[in-house]
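Trainee: Turn this into a structure:
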Amino acid sequence: MKKNIRILIAKPGLDGHDRGAKVIARALRDAGFEVIYTGLRQTPEMIAEAALQEDVDVVGLSILSGAHMALVPKIREVMDSHELGDVPIILGGIIPDEDKPALEAMGVRGIFGPGTNTEVIVSKIHAMMGDASA
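Mentor: Residues are numbered from 1 along each chain as shown. I've put the predicted structure just below:
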């Protein structure tokens, strides 16, 4: 029996806008993923701990505050310290094009802006996880 992909959706930092994260979480659930939504105002430590405890395959971050260049490196660092270096990060939010290469160099495997079709996100995650059957 094939294991469903487990994905953690988190809202790091002080950003209080979670509608997009909830829409993505529901779309991923409807596409057959096991989704863990951590809620608002998560610290890097809380995100890494949840990823570890839930044994997730992917961590999805939603950042609309503009703090992605501060939060993503810290989250990656804490995840690495929890031996989660092989767990890919995907990122949604308002991400300027000039920041994308640096984020990708940090290991962000997918960056999705507002209005991205959820099917594109689902396909990217399946491809990232090597799931050719999806």
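
Trainee: The spatially most central residue of the chain pairs with what?
Mentor: With distances taken as C-alpha atoms, centre = their mean, residue 60 lies nearest the centre of the chain, 0.9 Å away. Beta-bridge pairing for residue 60 (DSSP bridges): residue 9, residue 90.

Trainee: Might you report the residue contacts of residue 43?
Mentor: residue 12 (C-beta atoms under 8 Å, 6 or more residues apart in numbering). The C-beta positions use only the backbone N, C-alpha and C, and glycine is treated the same way.

Trainee: phi, psi of it?
Mentor: Per-residue torsions, residue 43: phi -80, psi 160 (degrees, to the nearest 10).

Trainee: Just give me the neighbour total for residue 70.
Mentor: The burial count assigned to residue 70 is 14, neighbours taken as other C-beta atoms under 10 Å.
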